[in-house]
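Undergrad: Quick one, structure for this:
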Amino acid sequence: MSDPKAQITAQAYGLVTSAVTPASVPATVDAVPTIVKALTPLIDQLVNSTNSEPFYQSRVFWGSTVAAVGVGLNYFHVDFPAAIQGQVTDAIMALIPIAGSLYALYGRFKAKKPIGS
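TA: Numbers count the residues shown, from 1 in each chain. Presented below is the predicted three-dimensional model:
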């Protein structure tokens, strides 16, 4: 898979070069690297918005997979024995707040943008 940032940067070079080439534009081709460098924050934002990660690294994919497995188990009537159901429910209820807190912290540290921007 090719690097999205490299592709966007190459396209920016081509577009900026074609924009400054006409004699009516008060810029020279020598200015293209400086102009493209100024566009770097925009290029980074575009790369982040393309969500170019592989599917197996996506949190949405894994969340959806877990939900689908739960639906599948219910559809095929896979049940825990009655003696274990209470213990499993208690364990799940105890783990939900812990898992939620840890996932929130993970998401905050993994985020590419600061809060409020």
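
Undergrad: Just the helices from the chain, written as ranges.
TA: 4-20, 32-38, 40-49, 59-75, 82-110 (DSSP state H).

Undergrad: Quick one: closest of those helices to Pro26.
TA: helix 4-20 (8.8 Å; Cβ to Cβ). The way it works is simple: take the backbone N, C-alpha and C, and place the C-beta from them, glycine included.

Undergrad: Can you pull out the residues in contact with that closest one?
TA: 25, 27-29, 31-32, 35-36, 39, 43-44, 46-47, 50, 52 (Cβ atoms under 8 Å, 6 or more residues apart in numbering).

Undergrad: Mind picking out the helix or strand in this structure with the poorest mean pLDDT?
TA: helix 40-49 (a mean of 75; mean pLDDT, DSSP states H and E).

Undergrad: Can you tell me which helices and strands that one packs against?
TA: helix 4-20 (3 or more Cβ pairs under 8 Å, 6 or more residues apart in numbering; DSSP states H and E).

Undergrad: Tell me which residues of the helix it packs on come out buried.
TA: 4-5, 8-9, 12, 16, 20 (16 or more other Cβ atoms under 10 Å).
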